[in-house]
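*Asks:* Need the 3D shape of this:
(one chain, ligands or ions: 1)
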Amino acid sequence: MSAKTKILTTLALLLTIAITLGACTPKVQLPILREAPDFTLTNQDGLEVRLSDFRGGKVVVMDFIYTSCPDVCGMLNHKLKIVHDKLEEGRKQDLVIISVSFDPVVDTPEVLKQYAIEEGFDIPGWQFLTGTEEQIRQVADDYGVVYELVVDHEHESDEEEHEHEGSQEPVRGFTHNIVVVLIDRDGMVRKTYGQTFSLETEMISDITSLLR
Ligand SMILES: [Cu+2]
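*Replies:* Now for the predicted structure:
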């Protein structure tokens, strides 16, 4: 056998081993990053929800939003809805989606409930959570979520002020980063997603790997 043939034979052998191994191991093997910090908040039905309640059974995907966000938060939740819809029927009940609102002043349980219904997010297992400002700030800090209330007084209209009472309201919103956390059945953080992630090739296969 020439040196070249030997190398080619070795490569072919390695490739065969790689394919064989690839076929019988899960595609994704997410590392265990840390224990998910626990919290107790209130959901859209006014019930107390503790993150650790899901330990020992459910995979949790959690994002941080506010319902009056003009763009990003709604898009993010629509992505999570797609994830839920694409899971196999038998696995859906093992996934819990948690959306923590960092706008507790506006996002009361009633507002969260209404939002969930209007946006088509009122599916079993999806928890929309709120709490006191201190509680929310603590949870956000624990998960690396940064948000800040921005009140734009420039949009207060002097002309309309006398015509419509409501027009005196300044424009209110939040600047915030995007954090989506994936927690396994044992309450361990396995991945954190930021602004950009692929649904099909990343998040869905990550979640599926944890649901096995
Ligand atoms: Cu937003």
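*Asks:* For the rest of this, base every contact and every neighbour count on C-alpha atoms.
*Replies:* OK.
*Asks:* neighbours of H153, just the number please.
*Replies:* Counted by other Cα atoms under 10 Å, the residues lying close to H153 total 12.
*Asks:* If I look at it, what pLDDT would I see?
*Replies:* pLDDT recorded at H153 is 78.
*Asks:* Tell me the residues of this structure that contact the ion?
*Replies:* When proximity is defined as Cα under 5 Å from the ion, the chain approaches the ion at 69, 72-73.
*Asks:* again, only this time at 8 Å
*Replies:* Remark: the part of the chain in contact with the ion comprises 65-74, 174-176, using Cα under 8 Å from the ion.
*Asks:* got a list of what the closest residue to the ion within the chain touches?
*Replies:* Here the chain gets closest to the ion at one residue, C73, 3.9 Å apart by Cα to the ion. Applying Cα atoms under 8 Å, 6 or more residues apart in numbering to C73 gives the contacts 64-67.
*Asks:* try V100
*Replies:* So V100 contacts 62-66, 128-130, 136 (Cα under 8 Å, 6+ apart).
*Asks:* Among those residues, which lie within helices?
*Replies:* Mapping the contacts of V100 onto helices (DSSP state H) picks out I136.
*Asks:* my guess is K92 meets V83, correct?
*Replies:* No. Using Cα atoms under 8 Å, K92 is not in contact with V83, being 9.7 Å away.
*Asks:* ok so, going back, inside strands: which ones of the contacts of V100?
*Replies:* Among those, the members falling in strands (DSSP state E) are 62-65, 128-129.
*Asks:* Show the backbone phi and psi for the residue lying closest to D184 once chain neighbours are set aside.
*Replies:* Nearest-residue entry for D184: V59, 4.8 Å, with adjacent residues in sequence omitted and distances by Cα to Cα, 6 or more residues apart in numbering. With angles defined as degrees, to the nearest 10, V59 sits at phi -90, psi 140.
*Asks:* Understood, closing this out.
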